[in-house]
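Visitor: Sequence and predicted structure, then a few things I'm wondering about:
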Amino acid sequence: MKKIVVIGGGWAGCATAISAKKAGANVTLIERTDMLLGLGNVGGIMRNNGRYTASEECILLGGREIFEITDMCSRHKNIDFPGHKHASLYDVNIIEAFVRRKLEDMNIKILFKSRVVDVNLNGSKIEAVVLEDGKTIKADSFIETTGSTGSMGNCLKYGNGCAMCVLRCPSFGPRVSITQKCGLKDIIGKRNDGSYGAFSGSVKLNKESLSEEIRNELNKNGLVVVPLPKEEINHGKLDIKVCQQYALDEFAKNLILLDTGHAKLMVPFYPLEKLRKIKGFENARYEDPYSGGIGNSIRYLSVAKRDNSLKVKGIDNLFVAGEKSGFYVGHTEAIVTGYLAGHNSVRNCIGIPLLNLPRNIAIGDLIAYGNEILNNEESDKVKITFAGSIYFERMKKLGLYTLDKDYLREKISKLGLINIYDEKIV
């Protein structure tokens, strides 16, 4: 049986592992912490705007498992908030356990508290990855889904200081770039002012630390919008966010809270002393990052050059997904690239042509468009997502955005791609 090793257990890594397993491989997922999902443990937003289309496309391609779990764990469905429609908000407090059980039920081997620190190369092919304890793990193909966030030293160097983020670098060690260990140069994203990286776009408040009125409205409607005093309105803070789909006027003029189990506040950070002066936030406390009053994690410091099959350029048997594969924003973007990378890693093992999704479906166009950005040195400030900003506008212009499931089924059926990820190819 062909063996696949997935490095990184975030949304992309989990989708990759599921896809490779369904294609018939023996799959080992290596995760440096003691939990899966990474940033997915504090995210929660699904199906908003073009992400609805992408989710349904992926389900039709056979990549349904993750979306079934996020739908099942959603606290609120079909809600609208500024600039976004028909969103689902999954419960971040329970999601990881459901995903872990799914992978275990599929007999995917998970190595927790195991950090890949090096590779054994034979020419342009990886023979094995090396763990921190010196052990090596061999495989036929490898997929790196480590994300683009580095150690907390980067949060100090490029941000406002250590943010104590959910990635928990002090406890489990920092992420290591596998592509760099292969001798390849990673691409680094920039903000509008030219500085490196971008702040994660939201913080999480302890819901019980907020007023009863805010808590009740969050629990009932999933959304609370609190107007800011004029002196607190700051449009400049919109430029530092990774999530440019939320860089809208409404997010500068209001505090926008979403119920994901925590109270998800849609700002990269907000000074605690100022926050507690606002009615209803007098006792507010940050859940993630703990220093959300001064900063957040910094992302887009490690992106790989790859082709549209998600195979890394220069290495014969290495694939990437999620933020490692482009300047992508969001869980859906990580999941859909993960399913493709996992499927193609198995194709690569047996020497059959790799799958390139056509550009007349949103997932295929996002991957190809993202590749164009990676190959354009002037585009290192552009972040793309199905949910908004320039790519959602592109989706609408190209007619790729739709809520019509029957239309999508007919389109993907005509392309001969219905349930392609369900095919056992080895």
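Guide: That came through fine.
Visitor: tell me which residues of the helix or strand of the chain with the lowest mean pLDDT are tucked away?
Guide: Of all regular secondary-structure elements in the chain, judged by mean pLDDT, DSSP states H and E, the least confident is helix 249-253 with a mean of 79. Using 16 or more other Cβ atoms under 10 Å as the test for burial, helix 249-253 gives 251-253. C-beta coordinates here come from the backbone N, C-alpha and C atoms, glycine included.
Visitor: Mind checking what helix or strand follows that helix in sequence?
Guide: strand 254-259 (DSSP states H and E).
Visitor: who touches that next one?
Guide: Residues external to strand 254-259 that are found in contact with it (Cβ atoms under 8 Å, 6 or more residues apart in numbering): 44-45, 75-76, 81-82, 89, 205, 207, 214, 218-219, 222-228, 250, 263-267, 270, 278, 281.
Visitor: Recalculate using a threshold of 7 Å.
Guide: 45, 75-76, 81-82, 89, 218-219, 222-228, 263-266, 278 (Cβ atoms under 7 Å, 6 or more residues apart in numbering).
Visitor: Quick check on these: which are buried?
Guide: Buried members of those, scored by 16+ other Cβ under 10 Å, are 45, 75-76, 81, 89, 218, 222-224, 263-266, 278.
Visitor: For the longest helix belonging to the chain, name the packing helices and strands.
Guide: The helix spanning the most residues in the chain, taking DSSP state H as the definition, is helix 331-350. When contacts are defined as 3 or more Cβ pairs under 7 Å, 6 or more residues apart in numbering; DSSP states H and E, helix 331-350 sits against helix 11-22, helix 50-61, strand 141-144, strand 318-320.
Visitor: Tabulate these (CSV), appending mean pLDDT.
Guide: Output for the helices and strands packed on helix 331-350, formatted as CSV (pLDDT from 0 to 100):
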stretch, mean pLDDT
helix 11-22, 98
helix 50-61, 98
strand 141-144, 98
strand 318-320, 98
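Visitor: so which of those comes closest to Arg299?
Guide: Taking Cβ to Cβ as the criterion, Arg299 comes closest to helix 11-22 out of the helices and strands packed on helix 331-350, the separation being 13.4 Å.
Visitor: Are there helices or strands packed against that closest one, and which ones?
Guide: Helix 11-22 sits against strand 3-7, strand 26-30, helix 65-72, helix 95-105, helix 331-350, with contacts defined as 3+ Cβ pairs under 7 Å, 6+ apart.
Visitor: what sits against the residue nearest to Gly38 when sequence neighbours are not counted?
Guide: For Gly38, ignoring the flanking residues on the chain, the nearest one in space by Cβ to Cβ, 6 or more residues apart in numbering is Gly10 at 3.7 Å. If a contact means Cβ under 7 Å, 6+ apart, then Gly10 has 37-40, 145, 147, 322, 334 as its contacts.
Visitor: Look up which residues are beta-bridged to Gly10.
Guide: Beta-bridge pairing of Gly10 under DSSP bridges involves Leu37.
Visitor: re the thing from before, which one of the buried residues of helix 249-253 is nearest to Tyr421?
Guide: Minimum separation from Tyr421 among the buried residues of helix 249-253 (Cβ to Cβ) is found for Phe251, which lies at 35.5 Å.
Visitor: Thought Pro268 was touching that closest one, still the case?
Guide: No. Applying Cβ atoms under 7 Å as the test, Phe251 and Pro268 come out as separate, 10.6 Å apart.
Visitor: quick one: the helices in the protein?
Guide: According to DSSP H, the chain carries its helices in the segments 11-22, 50-61, 65-72, 95-105, 152-158, 169-172, 178-181, 212-221, 249-253, 272-275, 331-350, 362-374, 389-398, 405-414.
Visitor: Tell me which of those approaches Val119 most closely.
Guide: When these are compared for distance to Val119 using Cβ to Cβ, the nearest one is helix 178-181, at 4.9 Å.
Visitor: just checking, what packs against that closest one?
Guide: Helix 178-181 sits against strand 116-122, with contacts defined as 3+ Cβ pairs under 7 Å, 6+ apart.
Visitor: Would you mind getting the angle between the strand it packs on and strand 26-30?
Guide: For strand 116-122 against strand 26-30, the angle between stretch directions is 140 degrees (axes from the mean of the first three to the mean of the last three Cα atoms, to 10 degrees).
Visitor: Tell me which residues are up against strand 116-122.
Guide: By Cβ under 7 Å, 6+ apart, the surrounding residues in contact with strand 116-122 are 7, 30, 126-132, 136, 176, 178, 181-182.
Visitor: what separates that strand from the chain centre, distance-wise?
Guide: Remark: strand 116-122 is offset 25 Å from the chain centroid, using Cα atoms, centre = their mean, to the nearest Å.
Visitor: Check stretch 75-89 too.
Guide: 18 Å.
Visitor: Now do that stretch: distance from first to last residue.
Guide: 6 Å (Cα to Cα, to the nearest Å).
Visitor: before we move on, back to that, please convert the buried residues of helix 249-253 to a markdown table, extending it with distance to Thr385.
Guide: Formatted as a markdown table, these follow (distance: Cβ to Cβ, whole Å):
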| residue | distance to Thr385 |
| --- | --- |
| Phe251 | 15 |
| Ala252 | 19 |
| Lys253 | 22 |
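Visitor: Can you tell me which of the residues you listed is nearest Cys162?
Guide: The shortest approach to Cys162 among the buried residues of helix 249-253 belongs to Phe251, at 25.2 Å (Cβ to Cβ).
Visitor: Met266 versus that closest one, what's the distance?
Guide: Summarising the geometry, the distance separating Phe251 from Met266, computed by Cβ to Cβ, to the nearest Å, is 6 Å.
Visitor: Flag every buried residue along stretch 310-317.
Guide: Within stretch 310-317, the residues that count as buried by 16+ other Cβ under 10 Å are 310-312, 315, 317.
Visitor: how far away is Gly189 from Ile298?
Guide: If you go by Cβ to Cβ, the gap between Gly189 and Ile298 works out to 10 Å.
Visitor: any residues in contact with both of the two?
Guide: Common neighbours of Gly189 and Ile298 (criterion: Cβ under 7 Å, 6+ apart): 197-198.
Visitor: Neighbour count: these two, which is higher?
Guide: Set side by side, Gly189 and Ile298 give different neighbour counts by other Cβ atoms under 10 Å, the larger being at Ile298 (31 against 24).
Visitor: Asn78 contacts His86, doesn't it?
Guide: Yes. In terms of Cβ under 7 Å, Asn78 counts as a neighbour of His86; the distance is 5.1 Å.
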